[in-house]
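>>> please find the sequence and the predicted model below.
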Amino acid sequence: MKKTLLLALLFVAISASAQNETGSSSVIPGRTSFFAEVGGPGILFSANIDTRFKPGHLGWGGRIGLGFVTADENKDDGSGYPYYEPASVVTVPVQVNYIFGKSSSPHTFEAGAGFTYMGRKLEILNFYDDRTSNFFGTASFMYRRQPVNGGFTWRIGFTPLIAKGYIQPLGAASVGYNF
């Protein structure tokens with residue numbers, strides 16, 4: 001959890017540093033997005049903030065979110081017969097991404113990579129056993145419809161999870177506000 005907190009603080013510091021480099025206190029519209037996502041790096045559901053590291057709505061940026069997932073937890077009562085019990089756990093998706101497109105167009109493409117931290121080990125998509133960590137590798141290949149000057153935004157695309165040398169193909173859809 002300390003690594004996640006450190007990465008979140010680093011993300012905020014880089015974002016604030018990039019804003020100070022512009023030399024003006026004016027807000028740059030379209031640079032930051034807040035969105036709710038089903039699927040994707042948050043696994044089931046997550047609320048995320050995404051920002052560009054430089055002025056504008058295209059180029060390098062990053063996202064961090066907070067989500068949850070419900071799955072079966074493998075339990076053992078000592079009888080030698082394991083059983084499963086439903087459990088919910090917090091997820092924290094973190095990614096660095098690049099947004100491609102024309103500066104005057106709301107149609108963009110996002111490619112990103114990062115990781116997702118899970119608060120506890122659950123058997124999700126057959127990824128977990130006793131030797132794994134609470135981290136998944138993630139990627140995103142998303143179509144984004146984001147207005148250049150801010151407003152309602154949505155995304156849809158392919159967001160595979162990577163663990164134990166295995167790639168689980170997943171998809172994601174999100175809606176939010178670009179400001």
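Nice, I can see it.

>>> residues near Phe68, how many?
Neighbours of Phe68 under the rule other C-beta atoms under 10 Å: 16. C-beta coordinates here come from the backbone N, C-alpha and C atoms, glycine included.

>>> swap in Gly171?
Using other C-beta under 10 Å as the criterion, Gly171 is surrounded by 13 other residues.

>>> with Phe152 instead?
Residues near Phe152, counting by other C-beta under 10 Å, number 11.

>>> nearest residue to it in space, please, no chain neighbours.
Using C-beta to C-beta, 6 or more residues apart in numbering and skipping the chain neighbours, the partner closest in space to Phe152 is Tyr177 (6.4 Å).

>>> in this structure, which strand is the longest?
Selection of the longest strand in the chain by residue count, based on DSSP state E, yields strand 82-101.

>>> same question for it, mean pLDDT?
Along strand 82-101, the predicted confidence averages to a pLDDT of 90.

>>> who does it pair up with?
Using DSSP bridges, the strands paired with strand 82-101 in its sheet are strand 59-76 (antiparallel), strand 107-118 (antiparallel).

>>> buried set for it?
87, 89, 91-95, 97, 99, 101 (16 or more other C-beta atoms under 10 Å).

>>> low pLDDT regions in this protein?
Along the chain, the parts satisfying pLDDT under 70 run over 1-28, 123-133.

>>> quick one, phi psi at the residue sitting furthest away from the middle of the chain?
In the chain, the residue that sits farthest from the middle, by C-alpha atoms, centre = their mean, is Ser79; the gap is 39.8 Å. The phi and psi values for Ser79, taken as degrees, to the nearest 10, are phi -80, psi -10.
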